[in-house]
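Colleague: Quick one: sequence and predicted model below, then my questions.
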Amino acid sequence: MMKLVSLLMTFWISIYISVEHDDMVYIPAGKFIMGSDFKDANEDQKPAHAVYLDAYYIDRFEVTNQQYEEFILAGGYQRKEFWTPHSAPTLPRNNIFPPPSPSI
């Protein structure tokens, strides 16, 4: 039954996705089933439960190494205009820092 619910949610989401940007896809707010109740599932996947997410945009394609390097070289971790108070990088607070800029 859970597999069917997950499949139906995937189908529903794919119907209501609207493309707003060439490289990004809008995902509407809603609930989905996260996790699994199957006995063979990993312990960190149990139990299956409903999760609500606000609407968001997601890149259509994965970030490439080149795009990530461009972000680093542009000072992406330090530039406040790239972040909101809720999305600011937390790396320095954990005493971990982004990779150093490569020497050119």
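Modeller: Received it, and whenever you're ready, just let me know what you need. Residues are numbered from 1 along each chain as shown.
Colleague: Break the protein down into its domains, please.
Modeller: The chain breaks down into these domains under automatic domain parsing: 1-61, 62-99.
Colleague: neighbours of residue 61, just the number please.
Modeller: Neighbours of residue 61 under the rule other Cβ atoms under 10 Å: 8. Yep, even glycine has a C-beta here, placed from its N, CA and C like the rest.
Colleague: when you give positions from now on, start the count at 57
Modeller: Renumbered: residue one is now 57, and that last one reads residue 117.
Colleague: I'd assumed residue 79 was in contact with it.
Modeller: Yes: at 6.8 Å, residue 117 counts as touching residue 79 under the criterion of Cβ atoms under 8 Å.
Colleague: and residue 125, which of the three is it?
Modeller: Classification of residue 125 using DSSP: H, G, I helix; E, B strand; the rest coil returns helix.
Colleague: Kindly provide the distance from it to residue 118.
Modeller: When distance is defined by Cβ to Cβ, to the nearest Å, residue 125 is 14 Å away from residue 118.
Colleague: Which one of the two is surrounded by more residues?
Modeller: residue 125 (13 against 6).
Colleague: And the more buried one, what's its pLDDT?
Modeller: According to the model's per-residue confidence, residue 125 sits at a pLDDT of 84.
Colleague: repeat for the one 10 residues further on
Modeller: Residue 135 carries a pLDDT score of 78 in this model.
Colleague: Please apply the same query to residue 103.
Modeller: Among the per-residue scores, residue 103 holds a pLDDT of 93.
Colleague: Please work out how many residues are found near it.
Modeller: That count, for residue 103 with other Cβ under 10 Å as the rule, works out to 10.
Colleague: Same question for residue 88.
Modeller: As a measure of burial, residue 88 has 14 neighbours, counting by other Cβ under 10 Å.
Colleague: Correct me if wrong: it contacts residue 105.
Modeller: No: the pair residue 88 and residue 105 fails to qualify as a contact (Cβ under 8 Å) at a distance of 10.1 Å.
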